[in-house]
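Chemist: Sequence first, then the predicted structure, then my questions.
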Amino acid sequence: MMNRDNDKGRILIKRALIMAAFNFFIMLAIILRLYHLQVYQADRYKTLADRNRISTRILIPHRGRIFDRNNEPLAVNQQNFQALIVAEQTTSIDETLKAFNEIMPLTEGEIDKIKKDLKKNKSFVPIKIKDNLSWEDMAKIQLHSSDLPGIFVDEGLLRHYPYGELTAHILGYVSYVTKDDLKKENDPLLEVPDFRIGRKGLEKTFEKKLRGKGGNLKLEVNAFGRIMQEIQRVDGIAGEDVTLSIDVRLQKKAHELFKDESGAAIVMDVNTGEVISFSSFPSFDPNLFIQGISTKDWEELQKSERNPLSNKAVSGQYSPGSTFKMVVALAALTDNIISTTSTEYCSGKTTLGNHIFHCWKHDGHGRIDLVEAIKHSCDIYFYNISQKLGIDKIYNMADKFGLGKKTGIGLDDERDGLIPNKDWKMKRFGEAWQQGESMISGIGQGYILTTPIQLAKMMAMIANNGVEVEPTFIKQNVLSKAPESLNIQKKYFDTVKAGMYEVVNISGGTAFMSKFDYKGKKMGGKTGTTQVKRISLKERQSGIIKQEDLPWKFRNHALFVGYAPHNNPKYAVVVIVEHGRSGSAVAAPIASKLLLEALKLDDEDIKE
Amino acid sequence: MRRQGMGLGNQSLSIKEKLYNLSFAYIYFIIIIAAIGTMMLYSASGGDWQPWASKHLIRFGISFCIMITLSLVDVKYYLRLAYPLFFLTVILLIIVEVEGHIGKGAQRWIDIGFIRIQPSEIMKISLILALAKYFHNSSIQSIENFRGIIIPGLMVAIPAILTVLQPDLGTALMMIFSAGVIFFIVGVQIWKFIVAGIAALISLPIIWHFLHDYQKERVYTFLNPERDPLGSGYNIIQSKIALGSGGIFGKGYLQGTQSHLNFLPEKHTDFIFTMLSEEFGMVGAVFVVIINMLIIAYGYSFALKTTGYFGKLVIIGLTTNYFIYVSMNTAMVLDLIPVVGIPLPLISYGGTVMMSVMASFGIILSFYINRHINIGKD
């Protein structure tokens, strides 16, 4: 019995020692595992721990500002004061909001949105109550701060266009980043929820320059995303400012003159190509787009038959009409089809085969030379010479003046326009060119389409006797490259300009009503009135319906191209009034006043 | 035989002699661990005595008194009370089970006004005492006989099943494991463990069927913690990040980013070892492991020095309990085993475990003090 009990004791001691050893090895395994995690894999886990606790935010750099030629700000970054609420810092959200409502009324929709946002986010996340606060609003909030626990004011930057409509078609606007934008580039800035990108106009064209580089803010956050402290801040690089050639005072004038008309107006420096004034009518308020345009505003802009969102100055394609006649004249002169003194006879109509071509003046102009033909805008004269020239020579001359192709002014909705030639027609329609089509082209009708900016370039190159200019929005301090000349004899330009001078300044000229004499400085120009609706034979016989009696969209377009001063041209002007009925009655007066204003402003600036 | 044993028991020591015989090293280790616990709980609340550290310290004070008191109890009473205590605990477990059915879902404790009693925690001690008494009274033949282990088998199975039903799989596994250790050291043949192991493997699918969804989820998560990084795998991933990023020397006291920025969940209870390892690095973690190893090693040395069979079994059984706590908790936060929800005793916040562990230490010390007294079969 005792032996067996001893056995029992011995077995126990043996097995207890085995157990102790087992315990020892388990604990050793735990130490080895600690070594594995804390020494061998430490770096990996340190990185993971930092990734947990450090949240990197991208700081939006200041967007470059845009100024006009006199350093008047056109696009700025405005301080945007917002009232925010932090749920956890107030005892009762409802009461705080009620108190806020008494100081600054909130709409029911706004309150609903605030409550929805509060529900969606953690209680320490600031939620926007109202933005675009004025200084007075801020003062009110400060004054009542004791009644508004959890509410504070935060400052952000918002793009603002102080001149709104006046510069909308030049600057365009910025708006929130879209999915497509993210596909196109991988600047981390685009991921920032509040970031905005140049969407249209020069804001888009100069996006790279204006944007700058984002900074970095490293924050320590906890598991719930609450910010504990700032670890590191690397400031970004602000975008570059841009100074434009635009004179905002002339923009203002153009808008005053256009009133409710739609169309486009451009004033350009004939020597530098600097665009001084550039408008498309009607315009819109670009500030509407900054924080996302409301559906109502958007629909209103979309629905309007006058198309405020389209930039007619570069994307509107119009028949140049009689404003094209100078190009035809120069082609005929250089080709020796006419001379500066040769004449043609206008009886009011001319025939080609069975087809009768009419002059706008029923009784005809009689025997006239080029100067008179321009002065009176005689159609027969230009029918005759363009019949002799043929379309390809007209095309070549138009091409030299930059018509029918983009000027590259830097707006991406610019369109080509169209100057036809024989090849083009064969390719386009598979048909041979007709002589009659050359004649129609000679008065700027038919297939020909030009944009206002092309006409401005054309006008500038006529005014400066054929020196190449490239339209630009950027203020030019020195000419970037030596201008090239078209190699057309100066006397031809002189003759053409003599005609344009008479259009305005001599009685009987089509724009005589729009003449001015500002300290001896006078304007030259050419009117154009282009049909939107064909005049049928029946209508011609039964008497043409008066333009005023037609519905707006069937009325003729009114055009005017001009330059001033006549003796030493500085500015070219183009005015197109859509459905304005008459170039001489509607477009010319606007252009004249615009040029006069440009000359006066120059004088004022010199005095200062 | 019985009378002789009781007679030896009568030669008991005076309280002064008993206190003199206490193992002070053992007590120091316990105090060190509890102090580390208090320190970590102070850090867990972001450097504040509230809400955990001060309570932890008070609980330790009370538990310490209980430990000393239990160490002064005459060992014969443990032998005498082993079965009654066991039956009482089984009844308490049944009460909890019934109440759980009546009330709303899982319940693990009985509320008797001023204190909540967790019967499964008491069972960890009373099961050891009861098994020790059973084997103390049985001969080696009956132990090696198959019939001899039917009764102790039932003594394990009944409370284990009741605990599983609570449901508290972790505690049930602890009971089975520590009972298994008793079976092993008393000399149950190895092949019986192998047979039992095979039987357990076969019954695994059946057990799986009875597991709660959250328990299944834990097993899945253990097998692949990255499976659902924001769900149940989140805890263990964050635990490893905290541990690993602590490196050799740690981030410094109160400087643990994972714990203080709340990436680490349960940092004051099950994952407190992780927090300690983050702030004190491998040096601190290994220090805690070594102190715990010493507590366990002292336990085994007490068992060897104790003359009585019953005492040896009780000391090893209770030490095994402590070993299971420490090893399972650390293995769990180190992603060596599934997250079973076992706290680190004396360091994790929680009164019940502290109480039962300190009571166990008291009983161990009592047998150590009376190591020269051999009690006979009851």
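Modeler: Yep, that arrived. On a predicted model such as this, the values are computed, not experimentally measured, just so you know.
Chemist: now the nearest residue to A:Ser262 once chain neighbours are set aside, what's its secondary structure?
Modeler: Excluding the flanking residues, the one nearest A:Ser262 by CB to CB, 6 or more residues apart in numbering or on different chains is A:Arg306, at 4.3 Å. In this view, the C-beta of every residue, glycine as well, is placed from N, C-alpha and C. Three-state assignment for A:Arg306 (DSSP: H, G, I helix; E, B strand; the rest coil): coil.
Chemist: what number of residues lie near A:Arg306?
Modeler: 16 (other CB atoms under 10 Å in any protein chain shown).
Chemist: mind checking how far it is from A:Lys553?
Modeler: A:Arg306 is 10 Å from A:Lys553, where distance means CB to CB, to the nearest Å.
Chemist: Distance of the residue nearest to A:Ser262 relative to chain B?
Modeler: Here the criterion is CB to the nearest CB, to the nearest Å. By it, A:Arg306 lies 54 Å from chain B.
Chemist: In contact with A:Tyr35, which residues?
Modeler: B:Met282 (CB atoms under 8 Å, 6 or more residues apart in numbering or on different chains).
Chemist: Equivalent analysis for A:Ser592, please.
Modeler: A:Val504, A:Ala511, A:Ser514, A:Lys515, A:Phe516, A:Met523, A:Gly525, A:Gly562.
Chemist: Let's check: the centremost residue of chain A is which one?
Modeler: Closest to where the C-alpha atoms of chain A average out (CA atoms, centre = their mean) is A:Gly201, at 2.1 Å.
Chemist: Tell me how far the closest residue to it other than its chain neighbours lies from A:Val248.
Modeler: Closest residue to A:Gly201 in three dimensions, ignoring its sequence neighbours and counting by CB to CB, 6+ apart: A:Gly172, at 2.2 Å. Distance, A:Gly172 to A:Val248, by CB to CB: 16 Å.
Chemist: now do A:Asp137
Modeler: As judged by CB to CB, A:Asp137 and A:Val248 stand 29 Å apart.
Chemist: who's more crowded, those two?
Modeler: For A:Asp137 versus A:Val248, the count of surrounding residues by other CB under 10 Å is larger for A:Val248: 21 against 16.
Chemist: pretty sure the more buried one contacts A:Tyr161?
Modeler: No - counting by CB atoms under 8 Å, A:Val248 sits too far from A:Tyr161 to count as a contact (10.9 Å).
Chemist: could you say which helix or strand contains B:Leu318?
Modeler: In this assignment (DSSP states H and E), B:Leu318 forms part of helix B:309-333.
Chemist: Report the set of residues contacting both of A:Val248 and A:Tyr161.
Modeler: A:Leu74, A:Thr167.
Chemist: got the residue ranges for the helices in the stretch 351-500 of chain A?
Modeler: Using DSSP state H, counting those that start in this stretch, the helices found in the stretch 351-500 of chain A span residues A:370-376, A:379-389, A:391-400, A:422-429, A:435-442, A:452-463, A:490-505.
Chemist: Equivalent analysis for the stretch 151-300 of chain B, please.
Modeler: B:169-186, B:190-210, B:213-223, B:233-246, B:257-260, B:272-305.
Chemist: ranking the ones you listed by mean pLDDT, which is last?
Modeler: For those, mean pLDDT drops lowest on helix B:213-223, to a mean of 71.
Chemist: quick revisit: show me which of the contacts of A:Ser592 are buried.
Modeler: The neighbour count (16 or more other CB atoms under 10 Å in any protein chain shown) marks A:Val504, A:Ala511, A:Ser514, A:Lys515, A:Met523, A:Gly525, A:Gly562 as buried among these.
Chemist: Skipping adjacent residues, who's closest to the residue in the stretch 151-300 of chain B that chain A sits nearest to in space?
Modeler: The nearest approach of the stretch 151-300 of chain B to chain A comes at B:Gly244, 2.5 Å away (CB to the nearest CB). Distances taken as CB to CB, 6+ apart place A:Tyr45 nearest to B:Gly244, at 2.5 Å, with adjacent residues excluded.
Chemist: tell me the contacts of that neighbour?
Modeler: A:Leu37, B:Lys240, B:Ile241, B:Ala242, B:Leu243, B:Gly244, B:Ser245.
Chemist: Identify each buried residue in the strand or helix carrying it, please.
Modeler: Using DSSP H and E, A:Tyr45 maps to helix A:42-53. By neighbour count with 16+ other CB under 10 Å, helix A:42-53 contains the buried residues A:Ala42, A:Tyr45, A:Lys46, A:Leu48, A:Ala49, A:Asn52, A:Arg53.
Chemist: Columns pLDDT on top of those residues, output as a markdown table?
Modeler: Converted to a markdown table, these look like this (pLDDT from 0 to 100):
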| residue | pLDDT |
| --- | --- |
| A:Ala42 | 95 |
| A:Tyr45 | 94 |
| A:Lys46 | 94 |
| A:Leu48 | 92 |
| A:Ala49 | 93 |
| A:Asn52 | 87 |
| A:Arg53 | 90 |
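Chemist: How about the residues of the stretch 51-200 of chain B by chain A?
Modeler: Within the stretch 51-200 of chain B, the positions near chain A by CB under 8 Å from any CB of the partner chain are B:Ser139, B:Ile140, B:Gln141, B:Ile143, B:Val181, B:Phe184, B:Ile185, B:Val186, B:Gly187.
Chemist: any idea how far A:Asp7 is from the third one?
Modeler: Pointing back at B:Gln141 there. B:Gln141 is 10 Å from A:Asp7, by CB to CB.
Chemist: intersection of neighbour lists for the two?
Modeler: With CB under 8 Å, 6+ apart, B:Gln141 and A:Asp7 have no common neighbours.
Chemist: Which one of those two is surrounded by more residues?
Modeler: With neighbours defined as other CB under 10 Å, B:Gln141 and A:Asp7 compare such that A:Asp7 has more, 14 against 11.
Chemist: How many residues are close by B:Arg116?
Modeler: Other residues lying near B:Arg116 total 12 when counted by other CB under 10 Å.
Chemist: looking at it, it is touching B:Val96, isn't it?
Modeler: No - with contact defined as CB under 8 Å, B:Arg116 does not count as touching B:Val96 (10.9 Å).
Chemist: and for these two, which residues touch both?
Modeler: Here B:Arg116 and B:Val96 have B:Trp109, B:Ile110 as joint contacts, going by CB under 8 Å, 6+ apart.
Chemist: circling back to that earlier point, mind checking the backbone torsions on the residue nearest to A:Gly201?
Modeler: Torsion angles at A:Gly172 (phi, psi; degrees, to the nearest 10) stand at phi 70, psi -140.
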